[in-house]
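**Student:** predicted model and sequence below, questions to follow.
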Protein chains: 2
Amino acid sequence: MKAILQRRSIRAYKSTPVAEEDVEYILRAAMAAPSAGNQQPWHYIVIDDRDLLNRVPDVHPYAEMCRQSPAAILVCGDPSLEKHTGYWVQDCSAATQNILIAATAKGLGSVWLGVYPREERMKGLGQLLHIPEEIIPFALIALGYPAEEKGSADRYKSERVHKNGW
Amino acid sequence: MKAILQRRSIRAYKSTPVAEEDVEYILRAAMAAPSAGNQQPWHYIVIDDRDLLNRVPDVHPYAEMCRQSPAAILVCGDPSLEKHTGYWVQDCSAATQNILIAATAKGLGSVWLGVYPREERMKGLGQLLHIPEEIIPFALIALGYPAEEKGSADRYKSERVHKNGW
């Protein structure tokens, strides 16, 4: 819960690399997410090659921080794995949210950069990372030890809560 | 992280009510989720009226457990709150995932029941709960103290992880 409330979008990072076991811990959290019919329609591309990270902003207009971040994870959807069609976006979103929480729990900063449904970002990342046609680049998460501090945000709004009907 | 890995879909509940402060704790977690441009395009309907809960399975084919669960939360999307169009499903999914994790942290069982994009479920819940036309019933989460035990699941699959390209 602490990690859920402390999670903020961090866009400035130290150059300290992210340990391989921390990346695995984070991906274990991602894959623990629920999915429709437990179909797990996802793939993960870990990017820690400096040259590749530097080229991400060429294909994503809000990914300038990837020139600084030591790592990033691209969550991809694979609709061919769906038994219950129409849910892969929700499944991949749950996995992405778990990535952010697990990163926060490890003291890492992260930010969710939307890819799907923006055609040019999907196409650009697909080409940069040699992703097969049928796999959909869904969300990019920049990762690194934070070089900015943000307190936890309280976004609770009682007017968004309804009881037993609207 | 423990809650992330322990979270399982629980479909059998004790009749013990869920405390009001636990519901608020869970909704605080939901609203702490990230959203595109921090647009927070969501509403939450808490259902704890026995008669209403009993009628949920009439409009949702997989919601039989609502006849037993002491509570449920319907996450709704409000696309009119979007600055960046096309992301409300992802935002509401992140909020739903936070609900499941926070519930697990409180010792509650929960299950994510897909609503959107199934027209008949959206329409049925919309009518049952008097939801305005422009608001989209997105996901239903049944909640209660678990009457079944499930260990944590390890869904990690190394073949779903790629490094610096596919």
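**Tutor:** That came in fine, so what should we check first?
**Student:** near A:Arg67, how many residues? Count them for me, please.
**Tutor:** Counted with other Cβ atoms under 10 Å in any protein chain shown, residues neighbouring A:Arg67 total 13. Placement of C-beta: from N, CA and C, glycine included.
**Student:** for it, give me its contacts.
**Tutor:** A:53-54, A:56-57 (Cβ atoms under 8 Å, 6 or more residues apart in numbering or on different chains).
**Student:** next, it: phi, psi?
**Tutor:** With angles defined as degrees, to the nearest 10, A:Arg67 sits at phi -70, psi -20.
**Student:** any idea how far it is from B:Tyr25?
**Tutor:** 39 Å (Cβ to Cβ, to the nearest Å).
**Student:** all helices of chain A, in order?
**Tutor:** For chain A, the helices defined by DSSP state H cover A:2-6, A:20-31, A:50-59, A:88-105, A:119-128.
**Student:** chain B: which of those is closest?
**Tutor:** helix A:88-105 (3.3 Å; Cβ to the nearest Cβ).
**Student:** partners of the residue sitting nearest the centre point of chain A in the sheet?
**Tutor:** Centroid-nearest residue in chain A: A:Ile141, 3.7 Å away (criterion: Cα atoms, centre = their mean). Applying DSSP bridges to A:Ile141 yields these beta-bridge partners: A:Ile73, A:Trp112.
**Student:** correct me, but it touches A:Ser69?
**Tutor:** No: A:Ile141 is beyond contact range of A:Ser69, at 9.4 Å (criterion: Cβ atoms under 8 Å).
**Student:** as JSON lines, the helices of chain A with mean pLDDT, mean neighbour count and distance to A:Leu74 would be great.
**Tutor:** Formatted as JSON lines, those follow (pLDDT from 0 to 100; neighbours: other Cβ atoms under 10 Å in any protein chain shown; distance: least, Cβ to Cβ, whole Å):
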{"stretch": "helix A:2-6", "mean pLDDT": "92", "mean neighbour count": "18", "distance to A:Leu74": "22"}
{"stretch": "helix A:20-31", "mean pLDDT": "97", "mean neighbour count": "19", "distance to A:Leu74": "12"}
{"stretch": "helix A:50-59", "mean pLDDT": "98", "mean neighbour count": "16", "distance to A:Leu74": "9"}
{"stretch": "helix A:88-105", "mean pLDDT": "98", "mean neighbour count": "26", "distance to A:Leu74": "10"}
{"stretch": "helix A:119-128", "mean pLDDT": "98", "mean neighbour count": "16", "distance to A:Leu74": "6"}
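**Student:** ok, A:Leu129 touching A:His60?
**Tutor:** No: counting by Cβ under 8 Å, A:Leu129 stays clear of A:His60, with 11.8 Å between them.
**Student:** who's the closest spatial neighbour of A:Ala36, skipping the chain neighbours?
**Tutor:** A:Tyr87 (3.7 Å; Cβ to Cβ, 6 or more residues apart in numbering or on different chains).
**Student:** residues near that neighbour, how many?
**Tutor:** By other Cβ under 10 Å, the residues close to A:Tyr87 number 23.
**Student:** now swap in A:Trp166 and tell me
**Tutor:** Neighbours around A:Trp166, by other Cβ under 10 Å: 14.
**Student:** got it, and A:Glu64?
**Tutor:** The burial count for A:Glu64: 12, using other Cβ under 10 Å.
**Student:** that older thread, next up, the contacts around the residue nearest to A:Ala36.
**Tutor:** A:Tyr87 neighbours (Cβ under 8 Å, 6+ apart): A:35-36, A:39, A:41, B:114.
**Student:** swap in A:Tyr62?
**Tutor:** A:113-114.
**Student:** correct me, but A:Ile135 touches B:Arg160?
**Tutor:** No: using Cβ under 8 Å, A:Ile135 is not in contact with B:Arg160; the gap is 11.0 Å.
**Student:** which residues do these two both contact?
**Tutor:** With Cβ under 8 Å, 6+ apart as the test, A:Ile135 and B:Arg160 both reach A:His43.
**Student:** CA atoms of stretch A:142-153 as CSV?
**Tutor:** Output in CSV follows, covering the C-alpha atoms of stretch A:142-153 (Å, rounded to 0.1, in the frame of the first residue of the first chain):
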residue,chain,number,x,y,z
ALA,A,142,11.5,4.3,-18.1
LEU,A,143,13.3,3.0,-15.0
GLY,A,144,16.1,4.3,-12.8
TYR,A,145,17.1,5.5,-9.4
PRO,A,146,15.3,8.9,-8.9
ALA,A,147,17.2,12.2,-9.3
GLU,A,148,14.1,14.1,-8.3
GLU,A,149,12.0,13.8,-5.2
LYS,A,150,8.2,13.7,-5.1
GLY,A,151,6.1,13.2,-2.1
SER,A,152,3.1,10.8,-2.2
ALA,A,153,0.1,12.4,-3.9
